[in-house]
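Chemist: Could you look at this predicted model? Sequence included:
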Amino acid sequence: MVRTYAAILYNVAGDAYHKKIGTETTTLSFLGALRGLGAICHILVQDTVTKLKDGHLKNKITHAMDTYSRVFYKKMNNLEDEVARITEQKLQQKVTTMLQYGFERAAVYIFLLIEARKVALKYLTPKE
């Protein structure tokens, strides 16, 4: 699954670099791949968090992850709505900026999820 998203991201990034991108479908595919990577990371972190004992830490991490998800998906939805609203000509002009913004949002979201997983793993790792 990750390989599929990685291929889409790689191809679209190459097209953007060579200024061969601009169609709404390609841009939405890229944003969808970013969303998919975020979802996979969320599932992996969620799997780790479920192994924690019920209590304050588990609730805190779960709440934080829910907040991160809401913010990420709201920003991605807004970006996808913007792509759908603008004309093809304007999309050609703005596509690199939009893709970069989407990538940055995904990177921040994934980073936050990784940090949440690190906290959970500290409590799951046997202490010597």
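Modeler: Noted; the coordinates are in hand.

Chemist: Give the residue spans of this protein that score low on pLDDT.
Modeler: Residues of the chain meeting the criterion pLDDT under 70: 1-6, 9, 12-13, 15-25, 88, 92, 127-128.

Chemist: Mind jotting down where the helices sit in it?
Modeler: According to DSSP state H, the chain carries its helices in the segments 2-17, 24-49, 56-85, 88-124.

Chemist: could the ones you listed be laid out in TSV, adding mean neighbour count?
Modeler: C-beta: built from backbone N, CA, C; applies to glycine. Shown next, in TSV, are the helices of the chain (neighbours: other Cβ atoms under 10 Å):
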stretch	mean neighbour count
helix 2-17	14
helix 24-49	18
helix 56-85	15
helix 88-124	16
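
Chemist: residues contacting V71?
Modeler: The neighbours of V71, taking Cβ atoms under 8 Å, 6 or more residues apart in numbering as the test, are Y109.

Chemist: any idea how far it lies from S29?
Modeler: As judged by Cβ to Cβ, to the nearest Å, V71 and S29 stand 22 Å apart.

Chemist: Distance check, T48 against E80.
Modeler: 29 Å.

Chemist: A107 too?
Modeler: Taking Cβ to Cβ, one finds A107 at 18 Å from E80.

Chemist: repeat for F103
Modeler: For F103 relative to E80 (Cβ to Cβ), the value is 14 Å.

Chemist: and if you look at G38?
Modeler: 13 Å.

Chemist: hey, what's in contact with both of the two?
Modeler: Contact criterion Cβ under 8 Å, 6+ apart; residues shared by G38 and E80: none found.
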